[in-house]
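J.: Return a 3D structure for these sequence lines:
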Amino acid sequence: MNRDSNLFLRLHVDLALVGSVFIVCTIGLMLLYSASNGSSEVVFKQLVRMMIGLTAMLSIAQVSSRALLKLSPFIYLVGLLLLTAVHFFGDTSGGAARWLDLGIVRFQPAEIMKIAVPLMLAAIISNRPLPPSKRSILLCSLILLVPVFLIYQQPDLGSSLLVGFSGIIVLFLGGVSWRAIRYVSLFSLCAAPLAWVSIHSYQRERIRTLFNPENDPLGAGYHIIQSKIAIGSGGLYGKGWLNGTQSHLEFLPERATDFIFAVYCEEFGLVGVLMLMAAYLLVISRGIHVARNAQDTFERLLSASLILTFSTYIIVNVMMVVGLIPVVGVPLPLISYGGTSMVTMMASLGMMMSIHTHRKFYSRN
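T.: Here you go, the predicted structure:
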């Protein structure tokens, strides 16, 4: 047993984290098969993406936190270049240019920034005295706002807010004073009317729809209304796997991507939802364990920000699907159909695994 554990330690594999991810991904494949009306092709494509993500996770786990610290400016700059390329060569879909199509692969550079931004900010803050000075906060704010602005211009309000939030988490964990937080909060409230005017008309419509989706049941409110019907019809135990009517009769839009949680609720009910949240909690608790036992400031900031961002994805998607926040196009981690999000999520988990396994490896040697 010790020989096996030492082997996994030398390979920098955290079995608890990998096992938790495997459980969530297995649920995702089962759910995707149902959401796609039994399409083996869709499931196979997602399985390939999961394998690519798993390879990325295990590969990044071999890289020490010191190397990640040194690579952080390079990763951030590459992400900025890719975001800039989107504005000139982006592949337009649904009225938004968010993808780069390289022929053999099509991906969203915005997803990369959800790793690059906290990585870069953690590197900056960890190399300076804590709590961060005003100059450090201004520098971090500039580094944060540039990608947020580029992503917003695509337009992709949901991703821009999540990238911004991932950076704010690092600043908060770095020890930003409550006075600064109050000033920023006050400024945000004062700027809200300006933000309302500056956002796109369809984004304003989504916010209005949140409060009264029945006002336009066949238009802007259709997604939320059908999602609520699916969730409510699941009841306590659900209708059973492959027996969801809202998804199989194609009433529920985006059922394999943003609204896949509604499919899960309809088929597995409240009991199934609790089981899914328990599976997610295994991943989150492992991430918290890594952050608590990290060796230095950089490792603590990076691991804590990544696992909090992962948790935020879950919370935002669930709240969006049940109609508590506007539709912002955020996938359910490790479950929603898609490639870039899957790979970047697993890459972030690979960074946490690297921090944990390298610490244990060197402590035993």
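
J.: Only C-alpha atoms from now on, for both contacts and neighbour counts.
T.: Noted.

J.: which stretches of the stretch 151-300 of the chain have low pLDDT?
T.: Under the criterion of pLDDT under 70, none of the stretch 151-300 of the chain is flagged as low confidence.

J.: need the helices for it, in chain order.
T.: Assignment of helices within the stretch 151-300 of the chain using DSSP state H, counting those that start in this stretch yields the ranges 157-173, 178-198, 201-211, 222-234, 245-248, 260-292, 297-321.

J.: Quick one: classify residue 98 as helix, strand or coil.
T.: For residue 98, the assignment made with DSSP: H, G, I helix; E, B strand; the rest coil gives strand.

J.: dump the residue contacts of it.
T.: By C-alpha atoms under 8 Å, 6 or more residues apart in numbering, the contact list for residue 98 reads 86, 90-92, 108-110, 154-156.

J.: Sort out which of these are buried, if you could.
T.: Neighbour counting over the contacts of residue 98 (16 or more other C-alpha atoms under 10 Å) leaves 86, 90-91, 108-110, 154-156 as the buried ones.

J.: What is the nearest of those to residue 286?
T.: Comparing the buried ones among the contacts of residue 98 against residue 286 with C-alpha to C-alpha picks out residue 110 as the nearest, at 25.9 Å.

J.: who touches that closest one in this structure?
T.: With contacts taken as C-alpha under 8 Å, 6+ apart, residue 110 has the following neighbours: 79, 83, 98, 151, 159-160.

J.: Return the distance of whichever strand or helix holds it from the chain's centre.
T.: Of the helices and strands defined by DSSP states H and E, residue 110 is found in helix 109-126. In terms of C-alpha atoms, centre = their mean, to the nearest Å, the centre of helix 109-126 is set 13 Å apart from its chain centre.

J.: Restricting to C-alpha, output it in PDB.
T.: Below are the C-alpha coordinates for helix 109-126, written out as PDB (Å, rounded to 0.1, in the frame of the first residue of the first chain):
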ATOM      1  CA  PRO A 109      -9.400  32.500 -25.300                       C
ATOM      2  CA  ALA A 110     -11.600  34.000 -22.500                       C
ATOM      3  CA  GLU A 111     -11.500  30.600 -20.700                       C
ATOM      4  CA  ILE A 112      -7.700  30.700 -20.600                       C
ATOM      5  CA  MET A 113      -7.900  34.000 -18.800                       C
ATOM      6  CA  LYS A 114      -9.900  32.400 -16.000                       C
ATOM      7  CA  ILE A 115      -6.600  30.700 -15.100                       C
ATOM      8  CA  ALA A 116      -4.100  33.300 -16.300                       C
ATOM      9  CA  VAL A 117      -5.500  36.200 -14.300                       C
ATOM     10  CA  PRO A 118      -5.500  34.600 -10.800                       C
ATOM     11  CA  LEU A 119      -2.100  33.100 -11.700                       C
ATOM     12  CA  MET A 120      -0.600  36.500 -12.600                       C
ATOM     13  CA  LEU A 121      -2.100  38.400  -9.700                       C
ATOM     14  CA  ALA A 122      -1.000  35.700  -7.200                       C
ATOM     15  CA  ALA A 123       2.500  36.000  -8.600                       C
ATOM     16  CA  ILE A 124       2.500  39.800  -8.200                       C
ATOM     17  CA  ILE A 125       1.000  39.900  -4.700                       C
ATOM     18  CA  SER A 126       3.200  37.100  -3.300                       C
END
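
J.: Looking at it now, give me its mean pLDDT.
T.: Helix 109-126 comes out with an average pLDDT of 92.

J.: Can you tell me the SS state at residue 129?
T.: Reduced to three states by three-state DSSP, residue 129 is coil.

J.: cool, and the one 3 residues further on?
T.: Taken by three-state DSSP, the conformation at residue 132 corresponds to coil.

J.: residues touching it, list them.
T.: When contacts are counted by C-alpha under 8 Å, 6+ apart, residue 132 is found next to 125, 174-176.
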